[in-house]
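Enquirer: I would like to see how this sequence folds:
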Amino acid sequence: MRVLPVPFSLIVLACGAAYADDVPAWIKDAAALPVPAYPAKVRSVVLLHEEAVTVEADGRRVMRERGAIRILQPNGDSIRAYRSYNSKTGRVRDFQGWLMPPSGKPVPYSKTRIVDIALSKNDVYDEARAKVLDCGSATVGSIFAWEVTEEEKSVFTQDSFEFQGRSPVVLARFLVTLPAAWELEPVVFNHDKVEPKVSGSTYTWEVRNLPWIEPEDYSPSLSALAPRLAVSYFPPSNNTAGLRGFKDWAAVSAWLASFVDPPADVTESVRAKAIQLTAGASSEIDKIKPIAAFVQATNYVEVALNLTRGGGYTPRPSQETLARNYGDCKDKATLMRALLKAVGVDSYLTTIDAEDRTFVQAGWASPQQFNHAIVAIQVSDSVALPAVIEGPSGRLLMFDPTDSLTRVGDLPQGEQGSYALVIAGAKGALLKMPVLPASSNRTESVVKASLNTDGDVDARIEQQYFGQSGVAMRAIEKFQGGPELRKLFERSFSRRLPGASLAGIVTEGPAGQDRFALSMGLTADRFAQIMQGRLFIVRPGLLNPGGEYFFATTKRTAPVKLEAVLRHDSVSIKTPPGFKLDELPEPVEIKSSYGSLRASWTVKDGEIFMDETLEILETLVPASDYLKVREFFDSVSGARGAPVVLLKQ
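Expert: Residues are numbered from 1 along each chain as shown. Below is the predicted model:
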């Protein structure tokens, strides 16, 4: 439900049509810019990315985007120039592209190469579309350039610009031209403050020589790393178009409430359904749970209509969603609000980013930061659940009725810790969503195994997942199937036990329950090392499934993102007859600001026992501390690989 599509066009390679004698001067200027040296892994550099926005008094905007990219390395990726727009309130007026090979004449692209596509698979309900110039390959040293002009009429008096994707950028520029007497307020994220150059009513921001953002494991999202700019325009209060700016989050909430509250009115059909669902329920939580389950089961169909006129936030009337048994996130949230209201429970539609908990920035009061809707339910002190927070109007139970796998009292992992706007008229507020404790996201496993005299192991692994760890497993099984679940564990064990084989994977755990159980068999040849024909070296911790963080490199440029996890694993291994204990690891206890590990080993009556508890804390570790976090996980890995040595009698 992102209200305005982000217009940033990205990496482009090209093949051409007929030759042309020349290209626009701005492309020549971009081609002449000095380019720093980059690592060999960098395949292309953005010489220029520019967006110029002209705002008219009635809210109409004309946006001209220019870009030029130099190819540095051979690249087989499918890459394209791209511009999204709203088909109802705007259009792409012009789109041109050129290829400048290292030698020879520039090549323009034919208009027939530009394709118009729907942004959603369900284009029946989607007004958002895009123009795409798809390209093939280009020789190293080639420059692809494009220019696109879009116009749009919108009620929004805000805009944003991404200075960079992952590729390095030589020059990025954003220009805004406003009508007379309009004011402007900018904010920059992930970069030092950039002061605009002002000429009359035109504001220009420039940044230069942005480095490559290398993809690294366990990193924050790109939106938390790449610099971007957000601007708010403030027209005079007496403007004839009725436009208004957003000074704070209360103003955003008051504006959105006019769209989202009327559709949540209670009708007779909604009241009848609510009474049916809550028959026999006495407490408020007993009323909330069956309503939540019903709305979760309502079919999800994306509906993206009239985005730039506020329609992107306007749900269908609740009785319509109830009758049709489908809707998008805001429709499902509105239906739930109406059903709750019918049984005396108040709630608020709440906007959030469903994919990236770091995307929404508190410093920019804008409805354009959100792409999803959930529900904030007013509850009393009797409801004690991890997803309850304190709001401006009391205690709020946060719930996502679109996520069919997350129960009441829990929140999807990607929404935990995110900012979300509780739409409560002028009393609305941007609130930080709870980050559930590790105990709510725990995993418990029991491994029972036996060894033969050749060192081969035959094991049965029983795991129980709680909270979001269980949701992830349910999602893989439900949406990707059992074979993909098997591959997940095969990849995990193959790092420690090459040649391991899994069989008999069985899952159990009805939707709505906190627990998801999984059982599987594992066999591996030569799990125990045999030395000198007499020593058996057994590493029980290698049978613990999951929980690893692997850091192979010695250097790091991005922060390390750790998510809260609590694991308790126990392993028992029956040894073949005729062996006695020769050496046992000392108990291990590791504590750090990133987590903790406790592990112990015993041998009794021909059986090895290992007990391990690992907790990882929710932490964003700066790149400067990378070696410390790497050392912690190396210590965890070392403890898991600690050997029990048996001696053949």
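
Enquirer: From now on I want contacts and neighbour counts done on CA atoms only, so please keep to that.
Expert: Will do.

Enquirer: Surely Ser223 forms part of a helix?
Expert: Yes: Ser223: assigned to a helix according to DSSP: H, G, I helix; E, B strand; the rest coil.

Enquirer: In the stretch 451-600 of the chain, where is pLDDT below threshold?
Expert: Within the stretch 451-600 of the chain, the ranges that satisfy pLDDT under 70 run 510-513.

Enquirer: Tell me where it has helices.
Expert: Ranges of helices in the stretch 451-600 of the chain, per DSSP state H, counting those that start in this stretch, are 468-475, 482-494.

Enquirer: what's next to the first one, contact-wise?
Expert: Think helix 468-475. 405-406, 410-413, 440-443, 464, 485, 514-516 (C-alpha atoms under 8 Å, 6 or more residues apart in numbering).

Enquirer: Next, the angle from that helix to helix 482-494.
Expert: Calculated by axes from the mean of the first three to the mean of the last three C-alpha atoms, to 10 degrees, helix 468-475 forms an angle of 130 degrees with helix 482-494.

Enquirer: Going forward, count from 7.
Expert: With 7 as the first residue, the last one maps to helix 474-481.

Enquirer: From one end of stretch 594-604 to the other, what's the distance?
Expert: This stretch, stretch 594-604, spans 6 Å end to end (C-alpha to C-alpha, to the nearest Å).

Enquirer: Ok, stretch 87-104 next?
Expert: 11 Å.

Enquirer: Stretch 384-401 now?
Expert: Distance across stretch 384-401, first residue to last, is 6 Å (C-alpha to C-alpha).

Enquirer: Dihedrals phi and psi, Arg135?
Expert: phi -130, psi 180 (degrees, to the nearest 10).

Enquirer: Might one say that Ala432 is in contact with Ser259?
Expert: Yes: counting by C-alpha atoms under 8 Å, Ala432 touches Ser259, with 6.2 Å between them.

Enquirer: you'd agree Gly369 is up against Pro192?
Expert: No: in terms of C-alpha under 8 Å, Gly369 does not count as a neighbour of Pro192; the distance is 10.0 Å.

Enquirer: which of the two has more neighbours?
Expert: With neighbours defined as other C-alpha atoms under 10 Å, Gly369 and Pro192 compare such that Pro192 has more, 19 against 13.

Enquirer: name the helices or strands packed onto whatever helix or strand Glu56 lives in?
Expert: Using DSSP states H and E, Glu56 sits within strand 50-61. On a contact count with 3 or more C-alpha pairs under 8 Å, 6 or more residues apart in numbering; DSSP states H and E, strand 50-61 meets helix 31-37, strand 66-77, strand 175-183.

Enquirer: what are the pairing partners of it, and which direction each?
Expert: strand 66-77 (antiparallel), strand 175-183 (parallel) (DSSP bridges).

Enquirer: any idea which of those strands is most buried?
Expert: strand 66-77 (a mean of 23; mean count of other C-alpha atoms under 10 Å).

Enquirer: Check the offset of it from the chain's centre.
Expert: 27 Å (C-alpha atoms, centre = their mean, to the nearest Å).

Enquirer: which is the next helix or strand following that strand?
Expert: Following strand 66-77 in sequence order, the next helix or strand is strand 86-92 (DSSP H and E).

Enquirer: and the end-to-end length of stretch 432-440?
Expert: By C-alpha to C-alpha, the extent of stretch 432-440 from end to end equals 23 Å.

Enquirer: Go through that stretch and flag the buried ones.
Expert: If you call a residue buried by 16 or more other C-alpha atoms under 10 Å, then stretch 432-440 has these buried ones: Gly434, Ala435, Leu436, Leu437, Lys438, Met439, Pro440.

Enquirer: of all the contacts of helix 474-481, which comes closest to Leu54?
Expert: Closest approach to Leu54 among those (C-alpha to C-alpha): Gln419, at 36.7 Å.

Enquirer: In contact with that closest one, which residues?
Expert: Applying C-alpha under 8 Å, 6+ apart, the residues near Gln419 are Gln474.

Enquirer: pLDDT below threshold where in this structure?
Expert: Looking at the chain by pLDDT under 70, you get 7-27, 81-85, 126-132, 141-142, 309-318, 516-519.

Enquirer: run the last query once more with 50
Expert: Where the chain drops to pLDDT under 50, the residues are 7-26, 129-130, 311-317.

Enquirer: buried set for stretch 205-212?
Expert: Those would be Thr208, Tyr209, Thr210, Trp211, for stretch 205-212 by 16+ other C-alpha under 10 Å.

Enquirer: Just the C-alpha atoms of that stretch, please, in CSV.
Expert: Output in CSV follows, covering the C-alpha atoms of stretch 205-212 (Å, rounded to 0.1, in the frame of the first residue of the first chain):
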residue,chain,number,x,y,z
SER,A,205,17.8,30.2,-6.8
GLY,A,206,14.5,32.0,-6.7
SER,A,207,12.0,29.3,-5.8
THR,A,208,14.2,26.4,-7.0
TYR,A,209,16.1,24.2,-4.4
THR,A,210,18.9,22.0,-5.5
TRP,A,211,20.6,19.2,-3.5
GLU,A,212,23.8,17.5,-4.7
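
Enquirer: Report the distance from it to the chain centre.
Expert: Using C-alpha atoms, centre = their mean, the offset of stretch 205-212 from its chain centre is 34 Å.

Enquirer: same check, this time on stretch 486-498
Expert: Using C-alpha atoms, centre = their mean, the offset of stretch 486-498 from its chain centre is 21 Å.

Enquirer: still on that earlier bit, closest to Ala43 out of the strands paired with strand 50-61?
Expert: Using C-alpha to C-alpha, the nearest of those to Ala43 is strand 175-183, at 11.3 Å.
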